[in-house]
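In: would you be able to build a 3D model of this:
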Amino acid sequence: MKIPNLKLKSQLALFNALSKALIIILLVIIVPWLVSEISIRDTDDVLVQKLDQVIELVDSLGIEAYIDMDAEFQTFGSYNILKEEYISIEQIENDTTINIIQYSQRIIEDELVDYRVLSYSIEENGNNYLIEIGKSISTIYRFEQNLKRFTFIFLIIVISLTLILDLSFIQYLLRPLEKIVKKLKSTNHPASFDYKPVKTSTSDFAYLDATIHSLMRKIEAAFNDEREYISNVSHELLTPVSIIQSKLDNIINNGNLQEADMIKILESKKTLRRLTNLVRTLLMMSRIENEEYILTEKVNITNTLKNVIEEIEDKIAAKELKLKLKFKATDFVFTGNDNLLFTLFYNFINNAIRYTDKGHISVETLIENHQFMVKITDTGIGIQKDNIPHIFSRFKNSSETKDSYGLGLALSKKICDYHKINIKVISEVNNGSTFILKFPN
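Out: Predicted structure coming up:
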């Protein structure tokens, strides 16, 4: 059985409830036995007290006040009308000593009654007499039931109050921690972190809050340094690349080159284009991380997909692939950045073309469970299951692909995160891949 992940407050509340339940179970087992012991001891104490009273009366009034010495049977018996208690005195053999409390049965008025009986022998006027004082078991049982009922009601009230107080205290104690967690969850960029200290009387939470503030400042500083570095490097690289490209174009335009030299120059231009695309991708990622793009444009997703397909259909035709368009939801308008969304779809479709040698490329829009989705499917080489979690990493290589994943998918993931679009990847080696983009409602 897998234990679900719970919040600290829920774990403490669950532990508190389970501990109270365990206490109740133990009390249900122990209390009846304890109440029974208490009631028996209380009954025995009452019997002993009444015995002392009887002995005092016998000593003061004499045994003759209770037993007729001229009668054939020298006995005395007394019991109340409900037969709950009885007292008896009878003569026994001399040199007989009795002092015992036990359960016994007595016949009173032809009725057999269970009693808790105290038997005690005394000596009066040279004779031994046995005094028995009994209390009916039914009376003891009623006392036990009342005591158990009161005890359970009291315990339920006490446990309920302690449970409510414990949960309230846990809620109060962990409120600063919840505020700290809430600040972290609401932070999607280092610059948007709330540095206002959380008010708390718990030193551990205060230390945690201060430590998080310190770490966030370091992260923000490192993030800004990296962003500035990438931006500067990108701008610095584009200038010499453009100069080299212009010089190569001039050399080609002169027309005085051998075929072998022309091939080398064309390969150099291809490399420069890749370098230019790489630099621009890094620059775009830096701008996205810096939140420089405005997400206020009303974008019809189907129209954007059609624009991407118009630009990329030559690549599909060149590889003799079939293109399947299934636009089931054409009126969905999303608030975001049109250029970024165009780049997003272009990268995914281009990636599908790149790793598909035969078969088809499918682009589908649909609404499932009131959520708009775009599915891009290919029949290409697919991705190994272990590599799927890493395909959106920068410069990630994979053994089953022709080339590295580069920055295309990493940039696409950045754009999705920026627009809060969820990505799901389904792939099987040699059977193609499906990228599902789920747009927020």
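In: how about the contacts made by residue 362?
Out: 323, 324, 325, 326, 375, 376, 377, 378 (CB atoms under 8 Å, 6 or more residues apart in numbering). C-beta here means a position set from N, CA and C on the backbone, and glycine is covered the same way.
In: that one: what secondary structure?
Out: Following DSSP: H, G, I helix; E, B strand; the rest coil, we place residue 362 in the strand state.
In: what packs against the lowest-mean-pLDDT helix or strand in the chain?
Out: When the helices and strands of the chain are scored by mean pLDDT, DSSP states H and E, strand 75-79 comes last with a mean of 76. Using 3 or more CB pairs under 8 Å, 6 or more residues apart in numbering; DSSP states H and E as the contact test, the elements touching strand 75-79 are strand 85-92.
In: can you name the next helix or strand after the strand it packs on?
Out: Downstream of strand 85-92, the next assigned helix or strand under DSSP states H and E is strand 99-108.
In: partners of that next one in the sheet?
Out: strand 111-124 (antiparallel) (DSSP bridges).
In: pLDDT on stretch 103-112, on average?
Out: Across stretch 103-112, pLDDT averages out at 78.
In: by contact count, what packs against the top helix by length along the chain?
Out: Across the chain, the longest stretch assigned as helix under DSSP state H is helix 8-61. Where contact means 3+ CB pairs under 8 Å, 6+ apart, helix 8-61 is packed against strand 85-92, strand 111-124, strand 127-136, helix 137-185.
In: now those as JSON lines including mean neighbour count?
Out: As requested, the helices and strands packed on helix 8-61 are exported to JSON lines (neighbours: other CB atoms under 10 Å):
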{"stretch": "strand 85-92", "mean neighbour count": "17"}
{"stretch": "strand 111-124", "mean neighbour count": "17"}
{"stretch": "strand 127-136", "mean neighbour count": "20"}
{"stretch": "helix 137-185", "mean neighbour count": "14"}
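In: wait, residue 423 touches residue 433, no?
Out: No. Here residue 423 does not reach residue 433: they are 11.9 Å apart, not a contact under CB atoms under 8 Å.
In: neighbour count: these two, which is higher?
Out: residue 433 (24 against 17; other CB atoms under 10 Å).
In: mind checking the SS state of the more buried one?
Out: strand.
In: circling back to that earlier point, next, the angle from the longest helix of the chain to strand 127-136.
Out: Relative orientation of helix 8-61 versus strand 127-136 (axes from the mean of the first three to the mean of the last three CA atoms, to 10 degrees): 150 degrees.
In: quick one: low-confidence parts of this protein?
Out: 1-6, 69-73, 81, 395-406 (pLDDT under 70).
In: what's the domain layout of it?
Out: By the assignment in automatic domain parsing, the chain contains the domains 12-143, 203-289, 297-438.
In: residues in contact with residue 343?
Out: Contact analysis of residue 343 by CB under 8 Å, 6+ apart lists 284, 411, 412, 415.
In: helices - which of the residues you listed land there?
Out: 284, 411, 412, 415.
In: buried subset of those residues?
Out: 284, 411, 412, 415 (16 or more other CB atoms under 10 Å).
In: out of those residues, the closest to residue 354 would be?
Out: residue 412 (13.3 Å; CB to CB).
In: which one is the closest one nearest to, not counting chain neighbours?
Out: residue 347 (4.6 Å; CB to CB, 6 or more residues apart in numbering).
In: equivalent analysis for residue 326, please.
Out: The nearest residue in space to residue 326 (CB to CB, 6+ apart) is residue 364, at 4.0 Å.
In: does the one you found have beta-bridge partners, and which?
Out: Bridge pairing for residue 364 - DSSP bridges - gives residue 326, residue 375.
In: pretty sure it contacts residue 328?
Out: Yes. Using CB under 8 Å, residue 364 is in contact with residue 328, at 7.0 Å.
In: re the thing from before, do you know how far the residue nearest to residue 326 is from residue 315?
Out: The gap separating residue 364 from residue 315 is 19 Å, by CB to CB, to the nearest Å.
In: same for the one helix or strand residue 222 maps to, what does it pack against?
Out: Per DSSP H and E, residue 222 falls inside helix 203-254. Helix 203-254 is packed against helix 137-185, helix 259-289, with contacts defined by 3+ CB pairs under 8 Å, 6+ apart.
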